[in-house]
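Engineer: Output the structure for:
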Amino acid sequence: SRQQLTVKQDSLNFKNFKLKNVRSFAFGGSVSSEKSEATKSNFDLPYGKIERLEAGRDVLFWRQNLYMTVEDIATPVVISSAMKNHKRLYRDIVEQTQIVRPGVFVDKKLEKYLGL
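Structural biologist: The predicted structure is shown next:
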């Protein structure tokens, strides 16, 4: 089960991503519950729900992972630098999020990493 991420015009489509501590299910997708800790694996995430976009060092690849703080999720959604064409993917996410939510916080480290 490989993680897949599709950038769409109004949302991101996640496949095989595990998110824990999801407070509400305001966006669609499959949901399973384990010991009162919700887990999502396939879902759409609207850009309007993204509050922060930040870079964080990946200790295995020595590149930057993308950390997204999302309204209804207690822990950041992490998009690994191991994904194919990760810089282009990060740039597309930042650009689309800024179009939908102009006031979104974008980390200066992330901007420098992407050359924005």
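
Engineer: So Leu66: helix, strand or coil?
Structural biologist: Under DSSP: H, G, I helix; E, B strand; the rest coil, Leu66 falls in the strand class.

Engineer: For it, which non-adjacent residue is closest in space?
Structural biologist: Ile79 (4.2 Å; C-beta to C-beta, 6 or more residues apart in numbering). In short, each C-beta sits where N, CA and C put it, glycine included.

Engineer: That neighbour against Gln4, yeah?
Structural biologist: No - Ile79 lies out of contact with Gln4 (C-beta atoms under 8 Å); the separation is 11.2 Å.

Engineer: Which one of those two is surrounded by more residues?
Structural biologist: Neighbours were counted for Ile79 and for Gln4 using other C-beta atoms under 10 Å; Ile79 has more, 21 against 13.

Engineer: where does that one sit relative to Ile93, distance-wise?
Structural biologist: For Ile79, the distance to Ile93 equals 8 Å [C-beta to C-beta, to the nearest Å].

Engineer: And Phe17, by the same measure?
Structural biologist: Relative to Ile93, and taking C-beta to C-beta, Phe17 is found at 14 Å.

Engineer: just Gln9 next, same as before
Structural biologist: Plainly put, Gln9 is 12 Å away from Ile93 if you go by C-beta to C-beta.

Engineer: between these two, which one's more packed in?
Structural biologist: A direct count of neighbours by other C-beta under 10 Å for Gln9 and Ile93 places Ile93 higher, at 21 against 8.
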